[in-house]
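*Asks:* could you work out the structure for the sequence below:
(one chain, ligands or ions: 1)
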Amino acid sequence: MPMVQAYVEVEFEAYCAQCGDGICHLVDSTHSGENIRITPCENCIEGATEEGREEAEREKDSEIEDLNDDIYDLKLTIDEKNEEISDLEDSVTDLKAKVAELEKEVEQAREEGWSEGYIEGVGG
Ligand SMILES: [Zn+2]
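*Replies:* Numbering: from 1, shown residues only. Just a heads-up that it's a prediction; the model follows:
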């Protein structure tokens, strides 16, 4: 039986399944086997990279927003604490005034006591 070997030339065009771009220049075959290698479409790789970059940016923006919220909360807390400090300072001022008043009363009472004692001493 004679052996027959047939060579068939196959021509085909390749298009990206995602974006439809012609990608014949990305197709590579061994010319003798059944293996055909197709490199991913440049547009789609670029798009995927861009999408990843945008997602990373969205995540970053969201993190910044969270941090700004935290900063806002901390500022409110600081304002509250400053108000408390101011109230305490007012209380301290009031108490100091009261102490000064009491000291004056004590001083006056001492003077009066001394005067009375003196007068009594002189009179008696
Ligand atoms: Zn594509």
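*Asks:* and the pLDDT for the spatially most central residue of the chain?
*Replies:* The centre of the chain sits closest to residue 67, judged by Cα atoms, centre = their mean, with a distance of 2.3 Å. At residue 67 the predicted local confidence, pLDDT, stands at 97.
*Asks:* separation between it and the ion?
*Replies:* 37 Å (Cβ to the ion, to the nearest Å). C-beta here means a position set from N, CA and C on the backbone, and glycine is covered the same way.
*Asks:* where's that residue, which helix or strand?
*Replies:* Using DSSP states H and E, residue 67 maps to helix 42-123.
*Asks:* can you give me phi and psi for the closest residue to residue 22 other than its chain neighbours?
*Replies:* In space, and not counting its chain neighbours, residue 22 is closest to residue 15: 5.8 Å by Cβ to Cβ, 6 or more residues apart in numbering. Note on residue 15: its backbone torsions stand at phi -130, psi 150 [degrees, to the nearest 10].
*Asks:* now do the contacts for residue 15.
*Replies:* 21-23 (Cβ atoms under 8 Å, 6 or more residues apart in numbering).
*Asks:* intersect these with the contacts of the ion.
*Replies:* With Cβ under 5 Å from the ion as the criterion, the members of these in contact with the ion are residue 21.
*Asks:* first-to-last residue distance for stretch 13-24?
*Replies:* Chord length of stretch 13-24, first to last residue, is 6 Å (Cα to Cα, to the nearest Å).
*Asks:* for it, what is the distance to the chain centroid?
*Replies:* The chain centroid and the centroid of stretch 13-24 are separated by 42 Å under Cα atoms, centre = their mean, to the nearest Å.
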